[in-house]
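Participant: Need coordinates for the below:
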Amino acid sequence: MITKTIFYMRGLLMAVAVVGLSAEVSAQEPGLVVADPMVASSAQVAVQKMGIEMMKGNYQYGHERMYPRWKRRLAKRYGGMAKLEAGLAKAGQKKVSLGMMVTAYTAELPTSFFSVWRAKKRDARTGAIVKDATGREVIVEHWLAVVPTMTRVKVADPQLGGKIRTLEERGYTIAISEKGTNDWYFLTGMNPTIQDLRGMFPTLPPKEKDLGLPVSSVREIK
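Facilitator: Reported below is the predicted structural model:
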């Protein structure tokens, strides 16, 4: 029964996110890199901030900090932005109705860093392409950081009449920032597959083992 409960809760933790949704390197050196310690620390702090907001019950924070390209892809996959937003809102409500409470959250330093996604820089206010003093379009690159996380939750087990269980999930968050800004966004909403990651970031290593993704697990805390 306990094993079934853990598998059930693991599925709940992973699936409830969207309820109802079936040192700098040059562009010639994409892929795994060694980042400046301050950049790595900023990614850790940003993910920890998201965890703190979850502990407050502010699940909306993670939705607001969803990486825009990922959000657009999810919206296209699930029938439009309005449906995605409705699903995300319903997910937060579901967590509340289940009595799910995040009691502890720890973000660690990234296990791997990648230089990805060269794109034209756009003005955050107007959306217009930014040009330099010579009139050339400004090209920006992004960091992709794999940040290991530990999440501890208390949740009622419907299979045992609402008994409260404490579960600890080990996983990771994909954090992305334009280089030089330390303004981090996350691949939240639902867990991206390897195909999702490589579809958005073709310069990532082709082999999963080279991505440095921590092994995900869930255990019950007695």
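Participant: Excluding chain neighbours, what is closest to the residue nearest the centre of the chain?
Facilitator: The chain has Leu187 as the residue nearest its centroid, 3.3 Å off, counting by CA atoms, centre = their mean. Nearest residue to Leu187, sequence neighbours excluded (CB to CB, 6 or more residues apart in numbering): Ile174, at 4.1 Å. To be clear about C-beta, it is placed using only N, CA and C from the backbone, and glycine gets the same treatment.
Participant: Which strand residues bridge the one you found?
Facilitator: Listed beta-bridge partners, Ile174: Val146 (assigned using DSSP bridges).
Participant: Strands of this protein, start to end?
Facilitator: For the chain, applying DSSP state E gives strands covering 31-33, 101-107, 112-120, 139-157, 163-178, 184-186, 217-221.
Participant: Would you format those strands as TSV with mean pLDDT included?
Facilitator: Shown next, in TSV, are the strands of the chain (pLDDT from 0 to 100):
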stretch	mean pLDDT
strand 31-33	60
strand 101-107	94
strand 112-120	88
strand 139-157	92
strand 163-178	93
strand 184-186	97
strand 217-221	92
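Participant: closest to Ile52 out of those strands?
Facilitator: Ile52 lies closest to strand 101-107 among those, at 6.9 Å (CB to CB).
Participant: Note down every partner strand of that closest one and its orientation.
Facilitator: Strand pairing (DSSP bridges) places strand 101-107 next to strand 139-157 (antiparallel).
Participant: Could you check the angle the partner strand makes with strand 163-178?
Facilitator: Interaxial angle, strand 139-157 versus strand 163-178 (axes from the mean of the first three to the mean of the last three CA atoms, to 10 degrees): 180 degrees.
Participant: Identify each buried residue in strand 139-157, please.
Facilitator: For strand 139-157, a neighbour-count test (16 or more other CB atoms under 10 Å) marks 141-149, 151-153, 155-157 as buried.
Participant: any idea how far Tyr59 lies from Trp143?
Facilitator: Tyr59 sits 25 Å away from Trp143, going by CB to CB, to the nearest Å.
Participant: Let me see the contact set for the residue nearest to Leu187.
Facilitator: Ile174 sits next to Tyr67, Leu144, Ala145, Val146, Val147, Phe186, Leu187, Pro192, Leu197 when contact means CB atoms under 8 Å, 6 or more residues apart in numbering.
Participant: cutoff 10 Å now
Facilitator: 47, 67, 70, 110, 114, 144-147, 185-188, 191-192, 196-197, 200-201, 211, 213 (CB atoms under 10 Å, 6 or more residues apart in numbering).
Participant: Please apply the same query to Ala156.
Facilitator: Ser97, Leu98, Gly99, Met100, Met101, Gly162, Lys163, Ile164, Arg165.
Participant: Of these, just the buried ones, ChimeraX syntax please.
Facilitator: Entered in ChimeraX, the line below selects the buried ones among those, by 16+ other CB under 10 Å:
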select :98,100,101,165
